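[1] Give me a 3D structure for the following:
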Amino acid sequence: MKTFDVIVQRENGAYRAFVPSLPNILAEGVSRDEAVKKAKEAIENFFATAEVTTVSVDVPANEFRPYSTARDWLRQAALYSEPDDETERHIEEIYAERKRQREAVERELEIADELATPDLQFPPGSPKAVLKAAADCRIDSGDELYQQYLAEMEAEKQRQREEAEREADAA
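    You can find the predicted model right below:
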């Protein structure tokens, strides 16, 4: 059994899955799981009709040299000095995603710092303290005010359901 990396991307409400090691494999689905399942099926279908083999080639040592220095890489990169619009868009997407990830990590660190320091602003058990704790995901689920809040929310949802049913019956 061989495993393959599958990249799943959400775009315009649909999910696209592709396999970098098999560039001809592309699958789409309405959910992430469906896209991955279709990609797996496409890989299986591909290998059902394909043959995997290896070949050995004699290459003179002076003609094949892997890029071993930064200068070698830069020389190769110079061949692509004028990126096309799609490449530039892709690079911008990579930078934007890295920026988003960096900002998410910074937010997580800020939240961790806030959670590590006691909140002296609101007295314990006060309604504001309960709501602040809920917002910080630090709430004690057994807290009486929190239970009262949940009961009120459930009553409101029930009222909205009954109102929707009355409107449906009236229509």
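
[2] Would you mark the buried spots in the lengthiest strand in the chain?
    When the chain is parsed with DSSP state E, its longest strand is strand 22-29. Buried residues in strand 22-29, counted by 16 or more other Cβ atoms under 10 Å: 22, 25, 27, 29. For the C-beta atoms, the positions are set from N, CA and C on the backbone; glycine is no exception.

[3] And the last one, what's its pLDDT?
    Read that as residue 29. You'll see residue 29 listed with a pLDDT of 93.

[4] Against residue 97, how distant is it?
    According to Cβ to Cβ, to the nearest Å, residue 29 and residue 97 sit 22 Å apart.

[5] Does residue 53 belong to a helix, a strand or coil?
    coil (DSSP: H, G, I helix; E, B strand; the rest coil).

[6] and it, how many neighbours does it have?
    5 (other Cβ atoms under 10 Å).

[7] With the one 4 residues further on instead?
    The number of residues packed near residue 57 is 5, by other Cβ under 10 Å.

[8] circling back to that earlier point, quick one: list the elements packing against the longest strand of the chain.
    Judged by 3 or more Cβ pairs under 8 Å, 6 or more residues apart in numbering; DSSP states H and E, the packing partners of strand 22-29 are strand 14-19, helix 32-49.

[9] by how many degrees do it and strand 14-19 diverge?
    Between strand 22-29 and strand 14-19, the angle comes out at 160 degrees (axes from the mean of the first three to the mean of the last three Cα atoms, to 10 degrees).

[10] What strands flank strand 22-29, and is each parallel or antiparallel?
    Looking at strand 22-29 with DSSP bridges, its partner strands are strand 14-19 (antiparallel).

[11] tell me which helix or strand of this structure sits lowest on mean pLDDT?
    In the chain, the helix or strand scored least confidently by mean pLDDT, DSSP states H and E is helix 127-135, which has a mean of 61.

[12] before we move on, the earlier item: how about CSV for the buried residues of strand 22-29, with distance to residue 7 added?
    Converted to CSV, the buried residues of strand 22-29 look like this (distance: Cβ to Cβ, whole Å):
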residue, distance to residue 7
22, 12
25, 11
27, 11
29, 14
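
[13] which intervals of the chain have sub-threshold pLDDT?
    Where the chain drops to pLDDT under 70, the residues are 60-68, 70, 73, 76-83, 111-143, 146.

[14] In the record's domain split, what are the boundaries for this protein?
    As given by automatic domain parsing, the domain ranges for the chain are 1-50, 91-118, 127-170.

[15] So for residue 69, which of these sits nearest?
    domain 91-118 (23.4 Å; Cβ to Cβ).

[16] rewinding a little: want to throw the helices and strands packed on strand 22-29 into CSV with mean neighbour count?
    What follows is the helices and strands packed on strand 22-29, written out as CSV (neighbours: other Cβ atoms under 10 Å):
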stretch, mean neighbour count
strand 14-19, 18
helix 32-49, 14
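
[17] Right, I'll leave it there.
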